[in-house]
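K.L.:
Return a 3D structure for these sequence lines:
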Amino acid sequence: MKTIYQLIIAGLVLIGMAACENETKVCDQTLRADVHVEFRRDSLNFVWDTTFRAVTTLALDKDTLLNNVRTNNVYFNLDPVNDTCRFMLRIDSLVGKDTLTFRYTRTPMFISPGCGFGTTFMLDTVIATRHLIDSVIITQKSVVNSNDTHLQLFFYTE
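P.N.:
Modelled structure (predicted):
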């Protein structure tokens, strides 16, 4: 009789361990969703992608994100603790720089027991200085993943 109880208890322990297996896996998902920004120019209602020779981005009061990189788009990581953040964008280092201010709402999102919580964002407003940037269009307000284009920056034509 004692061995039957031991087998039952051992079976329950094994079932319990198998049921918890998924909860102890290492997180294999990204917890960040960055704002994807594409560069554009508009001349006589003809819009085209714009690639700049040397793009530098800097999160104000933080580290440099890009430094003199040839690109036609950038990614900005929003602050998961505050509802606003600011970035400096310098194009072709001698030409000038602009500041972008993002205002958004944050929503914590449970991903899994192994990953914990991530944050999704809803863009409310993007304010840009007008040194090189002509206009800003929010194309996707919801920032859930970095694959979507969230913002288009239009630059003055030469």
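
K.L.:
From here on, just use CA atoms for contacts and neighbour counts.
P.N.:
Will do.

K.L.:
pLDDT weak spots in the chain?
P.N.:
1-2, 5-25, 28-31, 44-48, 61, 63-64, 66, 93-95, 158 (pLDDT under 70).

K.L.:
Apart from its chain neighbours, what residue comes closest to the residue nearest the centre of the chain?
P.N.:
Central residue of the chain (Cα atoms, centre = their mean): D34, 0.9 Å from the mean position. Nearest residue to D34, sequence neighbours excluded (Cα to Cα, 6 or more residues apart in numbering): N77, at 4.5 Å.

K.L.:
which ones are touching the one you found?
P.N.:
N77 makes contact with R32, A33, D34, V35, according to Cα atoms under 8 Å, 6 or more residues apart in numbering.

K.L.:
for those residues, which one is nearest F117?
P.N.:
For the contacts of N77, the closest approach to F117 (Cα to Cα) belongs to R32, at 10.1 Å.

K.L.:
Contact partners for the closest one?
P.N.:
Applying Cα under 8 Å, 6+ apart, we find R32 in contact with N77, G118, T119, N145.

K.L.:
So the second one, which state does it fall into?
P.N.:
The reference is to G118. Following DSSP: H, G, I helix; E, B strand; the rest coil, the label given to G118 is strand.

K.L.:
Numbering from 29 from now on, please.
P.N.:
Sounds good: first residue 29 from here, last item G146.

K.L.:
Quick check: it touching R134?
P.N.:
No - with contact defined as Cα atoms under 8 Å, G146 does not count as touching R134 (10.1 Å).

K.L.:
Got phi/psi on the residue nearest to D62?
P.N.:
phi -90, psi 120 (degrees, to the nearest 10).

K.L.:
For R81, which non-adjacent residue is spatially closest?
P.N.:
If the residues on either side of it in the chain are set aside, R81 comes closest to R98, at 4.5 Å by Cα to Cα, 6+ apart.

K.L.:
Which positions within stretch 114-134 qualify as buried?
P.N.:
For stretch 114-134, the neighbour count (16 or more other Cα atoms under 10 Å) marks 114-120, 125-132, 134 as buried.

K.L.:
re the thing from before, the residue nearest to the centre of the chain touches V102, doesn't it?
P.N.:
No - with contact defined as Cα under 8 Å, D62 does not count as touching V102 (9.5 Å).

K.L.:
contacts for stretch 62-79?
P.N.:
Contact partners of stretch 62-79, identified using Cα under 8 Å, 6+ apart, comprise 98-106, 171, 173-185.
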